[in-house]
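K.L.:
need coordinates for the following:
(one chain, ligands or ions: 1)
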Amino acid sequence: METKLNGNPCLLCPNNCGVDRAVRTGACGSTDRVKIAKFYLHPFEEPCISGKNGSGTVFFCGCPLRCVFCQNYEVSNNLTGKQISVKELADIFRTLEQMGAENINLVNPTHFVLQIAEAFSIYKPNIPVVYNTHGYEKISTLELANGFTDVYLPDLKYFSPRAAKRYTGKEDYFSVASEAVKFMIKSRKTQIIDGMMKSGVIVRHLILPLNTDDSIDIVNWFAQNKGDAFFSLMGQYTPFGKIDDFKELQRKITRREYNKVYTALLDAGIENYFVQELSSASEEFIPHWDF
Ligand code: SF4
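P.N.:
Purely as a prediction, here's the structure:
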């Protein structure tokens, strides 16, 4: 794969738009200029990611996947944010490290992977780098990310083509994301030192209302493919985004739905896991954007 955009057609994600991002945007809504919504020390990731000081998180604008209920809707749809240069991105990495960040946490990095690699060539902090993704990734792009990533933090959002099509329009989500997760698990062995993940993979899954069968299929798939990776079961779904036409998404999940998936996780024999309590399902936990 061409490793510079430089007027080349963008084929970084499975949307394969083939556009020249110097002159127009593709399905991710992004040009070739890096755009971010916020950077800060994030206290609410998994404990081995946030640690004592917080995870040095950078939220990138735009998104190749765009789920209708996105909890970061304004960011993924480019309604907020600030354009920065690659040099400024490198400076942000340095600033986060100086603030005491436990790691650099790149949220939704796929469509800026080339600029991120360039920023790390300018300044690479001496802390782990976390690649925090929706999971809709091409292996060729992950091979580029592998050059700077220590910890992969992918979502596995939907198992059935029905759910993926309904919420993203991308029926092939699971077939693409499951291969991406297998690649990540093969690429990074788990290493945890003093409670902090220095290397490894944590696969996240957010339970959606009326979708527990899909969640259980994800849990069972993970149990068969987990290697030494961790699973993170998330119960914090909060109605948000463009969901007027999605009646089932207009409530939080119930205790019964949560328990059903949690029980499946235990029954599947998954021992390395994190769970997020239902009490964290609140807009309070959605960040406020800076730009
Ligand atoms: S990164 Fe953006 S422009 Fe490139 S293929 Fe994906 S959606 Fe299209």
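K.L.:
figure out how far the lowest-mean-pLDDT helix or strand in the chain is from the centre of its chain.
P.N.:
The helix or strand of the chain with the poorest confidence is helix 73-76; it has a mean of 87 (mean pLDDT, DSSP states H and E). Chain-centre distance of helix 73-76: 13 Å, with Cα atoms, centre = their mean, to the nearest Å.
K.L.:
name the helices or strands packed onto it?
P.N.:
strand 34-42 (3 or more Cβ pairs under 8 Å, 6 or more residues apart in numbering; DSSP states H and E). For every residue, glycine as well, the C-beta is placed using N, CA and C.
K.L.:
just give the closest residue to the closest residue to the ligand within the stretch 1-150 of the chain, not the sequence neighbours.
P.N.:
Among the residues of the stretch 1-150 of the chain, Gly26 lies nearest to the ligand; the distance is 2.2 Å by Cβ to the nearest ligand atom. In space, and not counting its chain neighbours, Gly26 is closest to Cys17: 3.3 Å by Cβ to Cβ, 6 or more residues apart in numbering.
K.L.:
swap in Pro9?
P.N.:
For Pro9, ignoring the flanking residues on the chain, the nearest one in space by Cβ to Cβ, 6+ apart is Gly18 at 4.0 Å.
K.L.:
cool, and Asp150?
P.N.:
In space, Asp150 is closest to Pro128, 3.9 Å off (Cβ to Cβ, 6+ apart).
K.L.:
how far away is the one you found from Ser85?
P.N.:
As judged by Cβ to Cβ, to the nearest Å, Pro128 and Ser85 stand 24 Å apart.
K.L.:
so between those two, which is more surrounded?
P.N.:
The neighbour comparison of Pro128 against Ser85 (other Cβ atoms under 10 Å) goes to Pro128, with 22 against 12.
K.L.:
report pLDDT for that one.
P.N.:
pLDDT, Pro128: 98.
K.L.:
quick check, the residue nearest to Gly26 in contact with Leu5.
P.N.:
No. Using Cβ atoms under 8 Å, Cys17 is not in contact with Leu5, being 12.0 Å away.
K.L.:
do you know the pLDDT at the residue lying closest to Tyr136 once chain neighbours are set aside?
P.N.:
Of all residues beyond its chain neighbours, the one nearest Tyr136 is Leu65 (4.7 Å), with distances taken as Cβ to Cβ, 6+ apart. Per-residue confidence at Leu65 stands at 96 (pLDDT).
K.L.:
can you show me the helices along the stretch 101-250 of the chain?
P.N.:
Counting by DSSP state H, counting those that start in this stretch, one finds helices in the stretch 101-250 of the chain at the ranges 113-122, 139-145, 161-168, 173-187, 212-225.
K.L.:
next, the buried residues of the shortest one.
P.N.:
Think helix 139-145. Within helix 139-145, the residues that count as buried by 16 or more other Cβ atoms under 10 Å are 141-142, 144-145.
K.L.:
nearest to Gly135, of those?
P.N.:
Set against Gly135, the nearest of the buried residues of helix 139-145 by Cβ to Cβ is Leu142 (10.5 Å).
K.L.:
let me see the contact set for that closest one.
P.N.:
180, 183-184, 187 (Cβ atoms under 8 Å, 6 or more residues apart in numbering).
K.L.:
how about JSON lines for those residues, with pLDDT and distance to Asn211 added?
P.N.:
What follows is those, written out as JSON lines (pLDDT from 0 to 100; distance: Cβ to Cβ, whole Å):
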{"residue": "Ala180", "pLDDT": "98", "distance to Asn211": "21"}
{"residue": "Phe183", "pLDDT": "98", "distance to Asn211": "26"}
{"residue": "Met184", "pLDDT": "98", "distance to Asn211": "24"}
{"residue": "Ser187", "pLDDT": "98", "distance to Asn211": "29"}
